[in-house]
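Undergrad: coordinates only, sequence not included:
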């Protein structure tokens, strides 16, 4: 039986927020890792002295580069995502066409395990373009690689995230905090490290098992409750001001004209939809993982500052 050190796993999007964690957990469990990205110079997440970690140039839009990155690989993870459409980079091109391309090439290369990262709530019938394309992407992946394993994380938090860290900074700066709508949208935030560990455990499993996992944290909050948890941990007493969704949409439309928009219309759409795991779909418990809480991360963030 092959050991983990004999197995190569290609991680597409391995330099991203989640991808870096996937790479690190795979290496901690002895896998050889190819970090496949458009910017291979960012690939050495564990340093240049790690002989079992290799950065390769791979654009998921390029069939030949995808095929080269998958050659002789035991497993593959597609952690490529897009949150703002620009030019030829659209939700359809990334989450459907490129996802299908990776799956088809993985099947052709004889890859034994393919993990495709999607998102909680992915639905090809959704009115939200982003969520609809995530759902269509899942269907396209399964059509190309029938045994692909789908991972659906809830909103992820961790060091250098764009979620919890941003909320904490804004609460510190704004005595009057503008809240999305009435703040009743429900969230189940998950630590990004737990998602990285989950994907690694799936690739370690010898047996075939569930082909979909939803990764949610240990607690469900309304958006307002989450803001108060963050504020309380930081010793802040903000005034939370409900702002109509229509106003957020207009602000996001203007924001998207900036090179690095602080908010997008896609994010406004997502903030109107509950992001919690569904009953009956396997999660972290089935993988033997106890998820870390938002409160633990907050203590870590606050102590480091």
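TA: Looks like it came in fine. The structure presented is a predicted model; accordingly, all values stated were derived computationally and were not measured.

Undergrad: contacts, neighbours, all on C-alpha from now
TA: Will do.

Undergrad: chain center to the helix or strand bottoming out on mean pLDDT in the chain, what's the gap?
TA: When each helix and strand of the chain is scored by mean pLDDT, DSSP states H and E, helix 265-270 comes last, with a mean of 82. Relative to its parent chain, helix 265-270 has a centroid offset of 16 Å by Cα atoms, centre = their mean, to the nearest Å.

Undergrad: now do the same end-to-end measure for stretch 238-254.
TA: 26 Å (Cα to Cα, to the nearest Å).

Undergrad: For that stretch, buried residues please.
TA: Applying a neighbour-count criterion of 16 or more other Cα atoms under 10 Å, one finds 238, 240, 245, 248-249, 251-253 buried in stretch 238-254.

Undergrad: swap in stretch 257-276?
TA: Buried-residue list, stretch 257-276, by 16+ other Cα under 10 Å: 263-269, 271, 274-276.

Undergrad: Equivalent analysis for stretch 75-86, please.
TA: Buried-residue list, stretch 75-86, by 16+ other Cα under 10 Å: 75-81, 84-85.

Undergrad: And the buried residues of stretch 238-254, which two are furthest apart?
TA: 238 and 253 (26.6 Å; Cα to Cα).

Undergrad: what helix or strand is the nearest residue to residue 234 once chain neighbours are set aside on?
TA: Excluding the flanking residues, the one nearest residue 234 by Cα to Cα, 6 or more residues apart in numbering is residue 302, at 7.2 Å. Take DSSP states H and E as the rule and residue 302 turns out to sit in helix 294-304.

Undergrad: pLDDT of that helix, averaged?
TA: Mean pLDDT, computed over helix 294-304, is 88.

Undergrad: List the contacts of it.
TA: 157-159, 165, 189-191, 229-230, 233-234 (Cα atoms under 8 Å, 6 or more residues apart in numbering).

Undergrad: Pick out the most distant pair among those residues.
TA: Largest pairwise distance in the contacts of helix 294-304, by Cα to Cα, is 19.8 Å, between 190 and 234.

Undergrad: Which one of those two is surrounded by more residues?
TA: A side-by-side neighbour count of residue 190 and residue 234, using other Cα atoms under 10 Å, places residue 190 first with 23 against 16.

Undergrad: List the contacts of the helix or strand encompassing residue 240.
TA: Following DSSP H and E, one finds residue 240 within strand 239-243. Strand 239-243 has contacts (Cα under 8 Å, 6+ apart) with 175-183, 224.

Undergrad: Most neighbours out of those, which is it?
TA: Within the contacts of strand 239-243, neighbour counts (other Cα under 10 Å) peak at residue 180, which reaches 22 neighbours.

Undergrad: can you give me phi and psi for that one?
TA: Dihedral pair for residue 180: phi -70, psi 110, per degrees, to the nearest 10.
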